[in-house]
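1. Build me a model:
(one chain, ligands or ions: 1)
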Amino acid sequence: MNNTQTNTGSKLLPVEPFDIVVFGATGDLALRKLLPALFHRWRDGQIPQDCKIIGAARSAMSQADFIARVEEHYRTYFPEEKNGADDWKAFSEHLHYCALDVASTDADWSALETRLADRDDKIRVFYLALPPSLFGPVSANIGAHKLNTPKARIVLEKPIGHDLHSARAINDAVGRVFPEESIFRIDHYLGKETVQNLLILRFTNSLFEPVWNSNVVDHVQITVAETVGAGERASYYDTSGALRDMVQNHMLQLLCLVAMEPPNDFAADTIRDEKIKVLRALRPITPKTATRDTVRGQYRDGAIGGKAVPGYDDELGRNSDTETFTALKAYVDNWRWSGVPFYLRTGKRMKERRSEIMIQFKRVAHPLTAPEAGHLHPTRLVIRLQPDEGVKLLLMTKDPGPGGMRLRYVPLNLSYADTFCARYPDAYERVLMAVVRNDLGLFMRRDEVEAAWGWIDGILSAWNADEMPCQSYAAGTDGPTQSAMLIDRDGREWFDDL
Ligand code: BG6
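-> Modelled structure (predicted):
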């Protein structure tokens with residue numbers, strides 16, 4: 001295939017031929033996200049002919065079985081994609097499989113070495129879809145087998161550790177083999193179309209910058225609500241919880257993009273320099289403030305969309321104190337955001353899947369309309385990340401027609417579905433190609449990851465010191481009532497879509 005247009009109508013940036021080794025190739029992430037993403041990029045004509053996609057995992061399996069497994073999972077996860085067998089056959093010519101115990105020092109890496117032989121001049125991507133405890137050992141093995149060629153890059157899936165200490169140890173271990181500019185720490189939220197658009201929205205429209213500060217903004221809300229539960233990932237999830245799984249990375253990255261100062265340009269390090277300033281300005285949450293400003297919750301059984309779902313403990317098969325929901329109030333202590341609360345909440349098994357950022361502006365200083373005209377709502381800017389991607393500006397208007405002055409609260413609505421075409425690449429498609437193109441802007445730098453952990457560690461130790469209980473909430477709701485109370489105490493409420 002040699003298209004230059006994706007089916008979004010946008011232009012494809014050509015990439016150089018590359019090889020990618022996916023460690024953990026039979027795991028959930030590889031089968032559900034990475035390999036389908038590569039297939040989609042191939043189908044859109046972005047994967048050059050001379051590319052090898054090498055799956056590495058512990059199971060002994062033939063190449064044919066591996067290919068069949070990849071295809072079978074693709075068809076399960078993308079039932080709407082009716083791809084012809086020919087496409088799969090052609091794509092699978094790029095697929096290879098290596099059985100390899102990646103962590104073991106005396107494992108036989110020769111199969112992988114053979115696959116990569118005589119290809120040192122190509123871009124080489126090592127994608128570690130593995131638990132973070134393996135990042136150091138796998139890097140060491142790559143180094144020991146001299147596979148880290150000058151054009152090699154390593155991609156680390158989150159989480160990078162489970163606290164600051166472990167994150168530093170991982171960064172040190174990987175850093176012994178790969179220089180920082182070859183380390184791509186993934187936060188797939190940065191690859192989402194709507195998240196990328198945040199920078200464009202803020203910094204290419206002169207409307208926003210003058211009002212983007214504590215003089216005009218009342219507060220900011222960031223919500224990432226999911227309807228899925230921990231499910232099959234429960235045993236991993238139980239070692240993590242919502243704070244580590246979602247807030248430390250995705251939600252803090254969103255907060256950074258909302259709060260950061262305008263960068264001088266869109267170069268990777270310029271943006272990352274601005275983001276880290278935000279992370280460093282986050283007011284620490286202490287044992288004294290944690291009880292008031294944070295909430296932990298865990299779902300019990302309930303119903304979502306009319307379907308009964310089990311509680312977290314039942315999915316896990318034992319009692320657990322891990323939070324599947326968290327809400328918190330944060331402050332960015334700098335000139336721009338002084339006194340503006342950032343309310344964050346995320347949870348599993350919530351009533352609907354909805355990720356969005358809401359910026360609420362202050363009320364007008366002197367309302368002119370009579371109370372009978374209707375309630376005066378504040379101006380709100382809502383950036384919907386998923387689903388129904390789009391941007392809405394909620395405004396007061398006069399209800400048209402005779403009958404006096406009546407007020408209506410209505411959205412100016414930029415819906416991606418209506419404005420752009422149907423499919424744009426998934427976040428993983430974008431981040432994978434960004435690795436190949438060496439575009440570090442979508443990835444977290446070491447200091448960012450560590451600064452984020454530093455702040456999260458404060459919350460974790462406050463929770464431990466206070467033995468903060470997990471409040472239960474029924475699956476299919478907005479989380480525990482304590483979450484509503486957290487914001488209600490400030491005379492505000494969580495934003496629910498119009
Ligand atoms: C992952 C978390 O990073 O992000 C998962 O580990 C979560 O628990 C997922 O479900 C959410 O991603 P998305 O793209 O579906 O919003």
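2. So for residue 106, what's the pLDDT?
-> Note on residue 106: pLDDT of 68.
3. Tell me who's in contact with the closest residue to the ligand within the chain.
-> Across the chain, no residue is closer to the ligand than residue 245, which sits at 4.7 Å (Cβ to the nearest ligand atom). C-betas here are computed from N, CA, C, even on glycine. Residues in contact with residue 245 (Cβ atoms under 8 Å, 6 or more residues apart in numbering) are 159, 237.
4. Could you rerun that using 7 Å?
-> Applying Cβ atoms under 7 Å, 6 or more residues apart in numbering to residue 245 gives the contacts residue 237.
5. got the residues of the chain near the ligand?
-> Proximity of the chain to the ligand, by Cβ under 6 Å from any ligand atom, involves residues 158, 226, 245, 355.
6. The first one reaches residue 186, doesn't it?
-> Put plainly, it is residue 158. Yes: using Cβ atoms under 7 Å, residue 158 makes contact with residue 186 at a distance of 6.3 Å.
7. Who has more neighbours out of these two?
-> residue 186 (25 against 20; other Cβ atoms under 10 Å).
8. partners of that one in the sheet?
-> Beta-bridge partners of residue 186, counted by DSSP bridges, are residue 443.
9. show me what contacts it?
-> Applying Cβ under 7 Å, 6+ apart, the residues near residue 186 are 155, 156, 157, 158, 431, 443.
10. Just name the closest of these to residue 484, please.
-> residue 158 (29.2 Å; Cβ to Cβ).
11. Leaving aside the residues adjacent along the chain, what's closest to the closest one?
-> residue 249 (4.9 Å; Cβ to Cβ, 6 or more residues apart in numbering).
12. which of the contacts of residue 186 has the most neighbours?
-> Neighbour max across these (other Cβ under 10 Å) = residue 156, 26 neighbours.
13. in the sheet, who's paired with that one?
-> Beta-bridge partners, per DSSP bridges, of residue 156: residue 128, residue 185.
14. immediately after the longest helix belonging to the chain, which helix or strand?
-> Longest helix of the chain, by residue count under DSSP state H: helix 446-466. Per DSSP states H and E, the first helix or strand lying C-terminal to helix 446-466 is strand 471-474.
15. neighbouring contacts of the longest helix of the chain?
-> Residues contacting helix 446-466 (Cβ under 7 Å, 6+ apart): 160-161, 163-164, 167-168, 171, 180, 185, 243-244, 247-249, 252, 272, 275-276, 279-280, 282, 284-287, 290-291, 294, 296.
16. Mind checking which of those residues are buried?
-> 160-161, 163-164, 167-168, 171, 185, 243-244, 247-249, 252, 272, 275-276, 279, 282, 285, 290, 294, 296 (16 or more other Cβ atoms under 10 Å).
17. On the three-state scheme, the residue lying closest to residue 250 once chain neighbours are set aside is what?
-> Of all residues not flanking residue 250 in the chain, residue 189 sits nearest, at 4.2 Å (Cβ to Cβ, 6+ apart). Secondary structure assignment for residue 189 (DSSP: H, G, I helix; E, B strand; the rest coil): helix.
18. Quick one: mean pLDDT for whatever helix or strand residue 124 lives in?
-> For residue 124, the element it lies in under DSSP H and E is strand 123-128. Averaged over strand 123-128, pLDDT sits at 98.
19. quick one: the residue of the chain closest to the ligand and residue 463, what's the gap?
-> 15 Å (Cβ to Cβ, to the nearest Å).
20. Then residue 40?
-> 40 Å.
21. next one: residue 88
-> Residue 88 is 48 Å from residue 463, by Cβ to Cβ.
22. same for the helix or strand that the strand holding residue 124 is followed by, what does it pack against?
-> Where DSSP H and E defines the elements, the next helix or strand beyond strand 123-128 is helix 135-144. If you count contacts as 3 or more Cβ pairs under 7 Å, 6 or more residues apart in numbering; DSSP states H and E, helix 135-144 packs onto strand 123-128, helix 164-175.
23. For the closest residue in space to residue 263 that isn't next to it in sequence, give me the pLDDT.
-> The shortest distance from residue 263 to any non-neighbouring residue, by Cβ to Cβ, 6+ apart, is to residue 270 (4.3 Å). At residue 270, the model reports a pLDDT of 96.
24. same thing with residue 76?
-> Looking at residue 76, the pLDDT reads 88.
25. Then the one 5 residues further on?
-> Residue-level confidence at residue 81 comes out at 75, pLDDT.
26. returning to what we had before: out of residue 88 and residue 463, name the residue with the larger neighbour count.
-> residue 463 (23 against 18).
27. Which ones among the contacts of helix 446-466 map onto helices?
-> 164, 167-168, 171, 252, 272, 275-276, 279-280, 287, 290-291.
28. any idea which residue sits dead centre in the protein?
-> For the chain, the residue sitting closest to the mean C-alpha position, by Cα atoms, centre = their mean, is residue 189 at 2.8 Å.
29. just checking, it touches residue 251?
-> No: Residue 189 is beyond contact range of residue 251, at 8.4 Å (criterion: Cβ under 7 Å).
30. For residue 18, which residues are in contact?
-> Per Cβ under 7 Å, 6+ apart, neighbours of residue 18: 51, 122, 123, 124, 125, 436.
31. Just the pLDDT at it, thanks.
-> On the pLDDT scale, residue 18 gets 97.
32. Show me what it is bridged to.
-> Here residue 18, judged by DSSP bridges, has bridge partners residue 123.
33. can you tell me how far it sits from residue 111?
-> For residue 18, the distance to residue 111 - Cβ to Cβ - is 20 Å.
34. Kindly report the same for residue 408.
-> 67 Å.
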